[in-house]
Each structure stands twice: as C-alpha cells, then as structure tokens.
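In: I need the structure of the sequence given here:
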Amino acid sequence: MKKITLFSDGSALGNPGPGGYGTILRYGDKEKIISGKEEHTTNNRMELLAVIEGLRALKEPCEVDVVSDSSYVIKGMNEWLQNWIKRGFKKVKNPDLWQEYMKVSQGHKINGIWVRGHNGHEENERCDQIARDEAQKAKDLLQAHKREQ
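Out: Below you'll find the predicted structure:
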C-alpha cells in the first residue's frame, strides 16, 4: 500500500461567505496540488472538502496521513465519526460532506494528524495560501456578478 501525505486547509471570507480550499498530495518526492472554491460556504465545509477532494484524487487504496490545522476535521475523522454514524448524523453539521468523506475514504487507511495553524508548518502555510487565494477568486466572481446585474 502506497504511503501518501495529504496536507489540507480551507478558508472562508466571512463565515458563511466565499470560500476556498487547498490540498497538497505527496508521494515520495512527487506532489499534486488540488484547489477549488465556492461562492457561499463556511470555513469548516472548506476544511473538510479539501480532504475529500484530496482523497478523491487517489487512484488506488493508500495509507494516508491527513495533516490539517482543523480540529473539526481531525477530531471528526479520528474520534466523532463512528458515533455520528450510529446516530444517523442527527444534529451533525455538514452531514452531506461527512457522508461523502466516508465514500472517498473507503479502502484507504487514514490517520488524521492535527498541526497548529499559522505556526510555520511549511505545507500548512502553502495550503492556507492556496485556500485564501481560491476564496478571494470566489469573492471576486461574486462582486463581478453583482456589477453585471
């Protein structure tokens, strides 16, 4: 089983507001950057979507270290998910994304690792910049749409 490191971060300008995510997949010395944006979202949704899209990009079952500064995502993956499943996702925020996470994580061995954000962690800082850039693009698109109306 290949050993992959998935670094991820999400951002929202306003909460909710325009948002973006950034993911770096690393296998050995190879890296793939994945990013995206939404016009109306929350920071937690972008944090989780960053992980989902990173896992979706994997072509075979892997051992994956997910490195994130989101305690919501890491605790959700490592601690809370099993109880949420038992409760049928009642009173859980973002159940659609957690169910999508369950689909894309199948077959992988996943280990969630929390890192302190904005603390000099190189890949976390890179993902943060990618996510903020994507959120800004979403904000700019919204403003352009408003000007056109």
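
In: how near is the residue nearest the centre of the chain to L141?
Out: Centroid-nearest residue in the chain, with Cα atoms, centre = their mean: A50, separated by 2.2 Å. From A50 over to L141 the distance is 19 Å, taken as Cβ to Cβ, to the nearest Å. All C-beta spots, glycine's among them, are computed from the backbone N, C-alpha and C.

In: contacts only, for F7.
Out: Counting by Cβ atoms under 8 Å, 6 or more residues apart in numbering, F7 makes contact with 23-24, 26, 67-68, 123-124, 126-127.

In: out of the residues you listed, grab the one that's most surrounded.
Out: Neighbour counts for those, by other Cβ atoms under 10 Å, peak at C127, which reaches 30 neighbours.

In: tell me what the least confident helix or strand in the chain by mean pLDDT is packed against?
Out: Using mean pLDDT, DSSP states H and E, helix 122-148 stands out as the lowest-scoring helix or strand of the chain, at a mean of 94. Where contact means 3 or more Cβ pairs under 8 Å, 6 or more residues apart in numbering; DSSP states H and E, helix 122-148 is packed against strand 2-12, strand 17-27, strand 30-41, helix 43-56, strand 62-68.

In: just the buried residues of it, please?
Out: 123-128, 130-132, 134-135, 138-139 (16 or more other Cβ atoms under 10 Å).

In: and which of these is nearest to K146?
Out: The closest of the buried residues of helix 122-148 to K146 turns out to be K139 (Cβ to Cβ; 10.8 Å).

In: ok, the residue lying closest to that closest one once chain neighbours are set aside - contacts?
Out: Of all residues not flanking K139 in the chain, P18 sits nearest, at 4.0 Å (Cβ to Cβ, 6 or more residues apart in numbering). Applying Cβ under 8 Å, 6+ apart to P18 gives the contacts 12, 37-41, 135-136, 138-139, 141-142.
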